[in-house]
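[1] Structural data only, the sequence is not supplied:
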């Protein structure tokens with residue numbers, strides 16, 4: 001039986017209270033990095049805009065009348081993007097249906113051609129073989 005692996009003192013498998021969301025300070029240090037589970041640095045918060053996003057989320061529902069216009073603009077922008085996306089998807093579906101109909105029509109034409117060729121071949125085979133069946 002193999003011996004258990006020695007404890008690695010450099011790994012911390014437990015979370016202390018300072019790394020738990022909401023337990024840290026209110027300066028943004030309580031926002032945890034999803035991979036390292038450590039608070040974001042001030043540089044990361046600024047670079048990725050997490051603090052701004054967090055403030056927007058926290059102010060939802062507590063906004064004044066001036067923020068209502070921004071919310072309405074965002075709602076209209078989202079609605080516009082949704083409509084554009086829906087129109088694009090509808091167009092793609094129509095193109096696909098058109099191609100499918102064309103392919104089905106071509107297949108029907110080829111099947112008719114094969115049937116005619118089969119009949120002609122059977123007549124030739126029947127007349128050349130003296131009327132015997134295959």
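    Yep, it's here. Keep in mind that this is a model prediction, so the values were computed, not measured.
[2] can you tell me the average pLDDT over the helix or strand residue 73 falls within?
    Assessed by DSSP states H and E, residue 73 sits inside helix 65-128. Average pLDDT, helix 65-128: 90.
[3] what about residue 39, neighbour count?
    Around residue 39 there are 20 other residues, counting by other Cβ atoms under 10 Å. C-beta coordinates here come from the backbone N, C-alpha and C atoms, glycine included.
[4] so it makes contact with residue 33?
    Yes. Between residue 39 and residue 33 there is a contact at 7.3 Å, judged by Cβ atoms under 8 Å.
[5] Got the phi and psi for residue 38?
    phi -120, psi 150 (degrees, to the nearest 10).
[6] how many neighbours does it have?
    So residue 38, with other Cβ under 10 Å, has 13 neighbours.
[7] And it, how close does it get to residue 48?
    To residue 48, residue 38 is 15 Å away according to Cβ to Cβ, to the nearest Å.
[8] same thing with residue 127?
    Distance of residue 127 to residue 48, computed by Cβ to Cβ: 83 Å.
[9] what do you get for residue 102?
    48 Å.
[10] Same check on residue 101?
    On the measure of Cβ to Cβ, residue 101 and residue 48 end up 48 Å apart.
[11] and what of residue 94?
    40 Å.
[12] for residue 122, same thing?
    74 Å.
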